[in-house]
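Peer 1: A structural model of the following input is requested.
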Amino acid sequence: MRHTLLDTGPLVAYLGRKDACHEWAVRQFAALRPPLLTCEPVLAEACFLVERNSGRPGNLLKLLQRGIFRIALNVESEAAALESLMERYSDTPMSLADACLVRMSEMHVDSRIFTMDSDFERYHRNGRQIITLIRPE
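Peer 2: As a prediction, the model looks like this:
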């Protein structure tokens, strides 16, 4: 089974009807098979951005409860690997959410990242393998 790893941008666009990528995000969510995999730092970023854009952050938790996505990484148990990734990409710099998604791509080799973030074009799983992305053109 191919896993889809969910980043912040698509969540924010999906919930923000005025977002320039809203329609794209809606089409992608409709085409992808749940549950998508994500992490708590992605949810924290998305809640902040949804609220900043006058949205309802609680709607993210409704999607979680409906099984659209699930939390698939424990930051505490992966702290050393996350620290290593953040050090490797300190010139970018890499956020904790991005580090979690790259780490998840290492844990789920058959995965792809559903994102709007161009930084993922620079990141590699296991230091050298290209990560497949689902991004707007």
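Peer 1: from here on, contacts and neighbour counts on C-alpha atoms
Peer 2: Noted.
Peer 1: Please enumerate the strands of the chain.
Peer 2: Using DSSP state E, the strands of the chain run over 4-6, 36-38, 69-71, 112-114, 124-125, 129-130, 132-134.
Peer 1: export these to a markdown table and tack on distance to residue 81, mean pLDDT and mean neighbour count?
Peer 2: Putting the strands of the chain into a markdown table (distance: least, CA to CA, whole Å; pLDDT from 0 to 100; neighbours: other CA atoms under 10 Å) gives the following:
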| stretch | distance to residue 81 | mean pLDDT | mean neighbour count |
| --- | --- | --- | --- |
| strand 4-6 | 17 | 98 | 25 |
| strand 36-38 | 17 | 98 | 22 |
| strand 69-71 | 17 | 97 | 19 |
| strand 112-114 | 18 | 98 | 24 |
| strand 124-125 | 12 | 96 | 18 |
| strand 129-130 | 16 | 96 | 12 |
| strand 132-134 | 20 | 97 | 17 |
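Peer 1: Dump these to CSV, plus distance to residue 14.
Peer 2: Formatted as CSV, the strands of the chain follow (distance: least, CA to CA, whole Å):
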stretch, distance to residue 14
strand 4-6, 12
strand 36-38, 14
strand 69-71, 13
strand 112-114, 12
strand 124-125, 26
strand 129-130, 26
strand 132-134, 14
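Peer 1: Tell me which of these sits nearest to residue 80.
Peer 2: When those are compared by CA to CA, strand 124-125 sits nearest residue 80, at 15.4 Å.
Peer 1: The closest one: partners in the sheet, and parallel or antiparallel?
Peer 2: strand 129-130 (antiparallel) (DSSP bridges).
Peer 1: Next, count neighbours for residue 47.
Peer 2: 22 (other CA atoms under 10 Å).
Peer 1: Could you do residue 137 as well?
Peer 2: 5.
Peer 1: ok, now residue 8?
Peer 2: By other CA under 10 Å, neighbour count at residue 8 equals 24.
Peer 1: mind listing the helices in the chain by residue range?
Peer 2: In the chain, the helices defined using DSSP state H lie at 8-15, 22-31, 40-52, 58-65, 79-88, 96-107.
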